[in-house]
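Peer 1: With the sequence up front, the predicted model follows.
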Amino acid sequence: METAEPRPKEDRSRTGVLTYVKGDLFTCPPHEALAHCISEDCRMGAGIAVEFKKLFGGVEELKAQKKRSGECAVLKRDSRFVYYLVTKRKASQKPTYESLKSSLEAMKAHCVQNRVTSLSMPRIGCGLDRLEWGKVSAIVEEVFRDTSIAITVYSRENVTPVTSDV
Ligand SMILES: NC(=O)c1ccc[n+]([C@H]2O[C@H](COP(=O)([O-])OP(=O)(O)OC[C@H]3O[C@@H](n4cnc5c(N)ncnc54)[C@H](O)[C@@H]3O)[C@@H](O)[C@H]2O)c1
């Protein structure tokens, strides 16, 4: 993966601990950790999870971690960690804000223990999984508020930052 070109200023914006970038998640700098949502069965058969499966493989390694909903599996790829937020039991189900928050807390603990300083993610839970970004972003802000981890949120649509005080 190559380092991303510097982006035009209008493609970036910032609220709280989150920086928003319009563009493809996989153009983020290669040293940054990545995160996205999966189900316990690690099927990754739809959405951005398919791209993670193609790029990083490791399905058996993930399954062997036996993570349950509300926990977080992780792969190490080159110098970065790739986080799999396990937010539901089966691919056909939907996550809850509680399961997402619990998975984010598990990811944060791993980030802190492993001195992760930057993390990029899509609008997690807000595509196929149908959660609302306003609520999800507030949870991400709340969970990571007491860290100095720089979180960048990529989206292909126009950047519309949301501020909230959960
Ligand atoms: N049958 C299945 O396997 C099945 C069923 C439902 C959902 N899923 C998948 O979807 C669930 C996660 O849902 P989700 O809403 O968190 O994720 P998602 O719907 O895959 O994506 C979340 C957001 O990221 C956006 N996005 C997609 N690709 C990119 C990219 N390259 N760069 C930037 N943004 C991008 C997408 O438009 C959406 O707004 C997981 O369970 C996963 O396995 C699979």
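Peer 2: Sure thing, it's come through. Computed from a predicted model, the values in this text were never measured in an experiment.

Peer 1: Alongside the ligand, which residues does the chain contribute?
Peer 2: When proximity is defined as C-beta under 6 Å from any ligand atom, the chain approaches the ligand at 24-26, 37-39, 43-49, 51, 91, 122-129, 154-156. C-beta: built from backbone N, CA, C; applies to glycine.

Peer 1: mind redoing it with 8 Å?
Peer 2: 23-26, 36-39, 43-51, 87-88, 91-92, 95, 122-131, 154-157 (C-beta under 8 Å from any ligand atom).

Peer 1: which of those count as buried?
Peer 2: 23, 25-26, 36-39, 44, 47-49, 87-88, 91, 95, 122-127, 129, 131, 154-155 (16 or more other C-beta atoms under 10 Å).

Peer 1: mean confidence score for stretch 131-138?
Peer 2: The pLDDT scores in stretch 131-138 average 98.

Peer 1: what do you get for stretch 97-111?
Peer 2: Mean pLDDT, taken over the full extent of stretch 97-111, equals 98.

Peer 1: Narrow the residues of the chain next to the ligand to those in helices?
Peer 2: 48-51 (DSSP state H).

Peer 1: which of the residues you listed lies closest to residue 59?
Peer 2: residue 49 (10.6 Å; C-beta to C-beta).

Peer 1: Wait, that closest one touches residue 36, no?
Peer 2: Yes. Residue 49 lies in contact with residue 36 (C-beta atoms under 8 Å); the separation is 6.2 Å.
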